[in-house]
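> Fold the following, please.
(4 chains)
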Number of protein chains: 2
Amino acid sequence: MCAALTQPDLTELAGIMTEVSYPAGKIVFDEGEPADALYNITGGAAKLYKLMPDGRRQVTGFLLQGDLLGLAQNGRHSCSAEAIGQMRACRDVHGRFDALVERFPDLRRRLHHDAVDELVEAQNHMLLLGRKTAVERVVSFLLRLSHRQLRHGFTAQPVRLPMTRADIADYLGRTTETVSRTITKLKTQGVIRLRPESEVELVDAIRLSALAGGEA
Amino acid sequence: MCAALTQPDLTELAGIMTEVSYPAGKIVFDEGEPADALYNITGGAAKLYKLMPDGRRQVTGFLLQGDLLGLAQNGRHSCSAEAIGQMRACRDVHGRFDALVERFPDLRRRLHHDAVDELVEAQNHMLLLGRKTAVERVVSFLLRLSHRQLRHGFTAQPVRLPMTRADIADYLGRTTETVSRTITKLKTQGVIRLRPESEVELVDAIRLSALAGGEA
DNA sequence: CGGATATTTGACGAATCTCAATAGGCGTGG
DNA sequence: CCACGCCTATTGAGATTCGTCAAATATCCG
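Sure thing, here's the model as predicted:
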């Protein structure tokens, strides 16, 4: 987050942020709660999701190291957030952040830029959820994670999957069974390979690109 | 858009914006094009959508009077935009807008606020696309349009549908046939009524709320 | 009034979901 | 170090929703 700020700003920011840690499965906040803090993930991962009254769930995104958590509208969280694996983050203390944004316009620029990025991602995901087949969904997901690893300075291979099949299924809008069957099919076709510790090897990137329905 | 600005800003803005008009079906811009302008819709409507190479389409949103059109990432449009009905808009002339944003921080605030609103809408729509049944999708859609009419200062009833069934279907992630059948079913159950000029009457708001899967 | 377009309806098939059972991983304690 | 138990993942069989293809209406506009 601090990349958008200059030195004196950073000093002030340091006094406002606190290092926090959440165990796997810990709920960071729930949809509808007042949004009184902003988090900058420094380790582990988290998922954002929405629930229906009967329990159906849609995961709207996964957040990895470096992502901002806590973007809100009208001071209320629009999604719930839960830690995946051990999650660490920088958190600002109650209520201070708004004031800081007022003082440092560059911070607003950063927040705006991030919001637009998230929006573009959301649009791509709407295309996936509304129009793609099960195979296209799973392959698109793997390719996106691979690209994301690259952007964050890691290798494109192997793709790490810190989340469960149920999380993936609720992200892709299919059931865990369908996701599992689809992964098996891709494995059988030889375009991916499963490795220990929930890692996936992308064997045939070209064929995968085609299987994704022509995109990322 | 001008609500966020003070008087001297407005004067400068007036010199930069031009009134433009598009006939129904006219493509305002395509995904991937350089984003060199920002539009403020003053009449008619538009749809945003993404296409897959084989022609499958996902409508990511409908824009009505007062909405901003042209939010972009890295200077490229992330969706295509097409006019629905006769569309009018205020458009800034090439390249000037960025400079204006730099000069007037309040404008960035407005853009950021709008982006966050769109993001929240996108999250709700992901839940719809990923987890709702055909009936829930259609009813949610009608209720959202009704609320939107209220927010924009119109009556909640009857709901106006300026877009085609194909547009609705591509927005809801189902086929036109499924949308049509679903509407017929709702009509038969007596919870909605179709009127001339693509207007829909919401007869039983309480039952509709339940049919939407418990939400807006 | 008439052609074109949009919408509705019907019959059938396919993709996916549901329910149920089996297999695999991983951590803990003996 | 290995066995047990729990949780996750995989696999199977049948049910269901929705999509596809095709045809019949309805609606819009000139």
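> Look through chain A and state the residue closest to DNA strand C.
A:Thr178 (3.2 Å; CB to the nearest atom of the strand). No exception for glycine: its C-beta is placed from N, CA and C like everyone else's.
> helix, strand or coil for that residue?
What DSSP: H, G, I helix; E, B strand; the rest coil gives for A:Thr178 is helix.
> could you measure it against A:Ala166, distance?
12 Å (CB to CB, to the nearest Å).
> which SS class is the most centrally placed residue in chain A?
Nearest residue to the geometric centre of chain A (CA atoms, centre = their mean): A:Phe62, 2.1 Å. When classified by three-state DSSP, A:Phe62 comes out as strand.
> Which neighbouring elements make contact with the longest helix anywhere in chain A?
The residue-count maximum for a helix in chain A (DSSP state H) belongs to helix A:105-131. Of the remaining helices and strands, those touching helix A:105-131 by 3 or more CB pairs under 8 Å, 6 or more residues apart in numbering or on different chains; DSSP states H and E are strand A:57-63, helix A:96-103, helix A:134-151, strand B:39-51, strand B:57-63, helix B:105-131, helix B:165-172.
> mean pLDDT for those: which is lowest?
Comparing mean pLDDT across the helices and strands packed on helix A:105-131, the weakest is helix A:96-103, with a mean of 74.
> Go ahead and confirm the residue of chain A closest to DNA strand C touches A:Ile168.
No - between A:Thr178 and A:Ile168 there is no contact under CB atoms under 8 Å: 10.4 Å.
> Neighbour count for these two, which is higher?
A:Ile168 (22 against 17; other CB atoms under 10 Å in any protein chain shown).
> what sits against that one?
For A:Ile168, the contact set (CB atoms under 8 Å, 6 or more residues apart in numbering or on different chains) comprises A:138, A:141, A:161, A:176, A:179.
> Near DNA strand D, list only the ones from those residues.
The overlap between the contacts of A:Ile168 and the neighbours of DNA strand D (CB under 7 Å from any atom of the strand) comes to A:176, A:179.
> Buried ones only from the contacts of A:Ile168, please, as a PyMOL command.
A single PyMOL command selects the buried members of those (16 or more other CB atoms under 10 Å in any protein chain shown):
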select buried, chain A and resi 138+141+161+179
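> Now distance to B:Val200 too, for the contacts of A:Ile168, in JSON lines please.
Converted to JSON lines, the contacts of A:Ile168 look like this (distance: CB to CB, whole Å):
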{"residue": "A:Val138", "distance to B:Val200": "37"}
{"residue": "A:Phe141", "distance to B:Val200": "36"}
{"residue": "A:Leu161", "distance to B:Val200": "44"}
{"residue": "A:Thr176", "distance to B:Val200": "37"}
{"residue": "A:Val179", "distance to B:Val200": "37"}
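> which one of the contacts of A:Ile168 sits closest to A:Arg109?
A:Phe141 (30.3 Å; CB to CB).
> so the closest one makes contact with A:Asp170?
No - judged on CB under 8 Å, A:Phe141 makes no contact with A:Asp170 at a distance of 12.0 Å.
> What residues sit buried inside stretch A:45-61?
A:45-51, A:56-61.
> Could you do stretch A:84-93 as well?
A:84, A:87-92.
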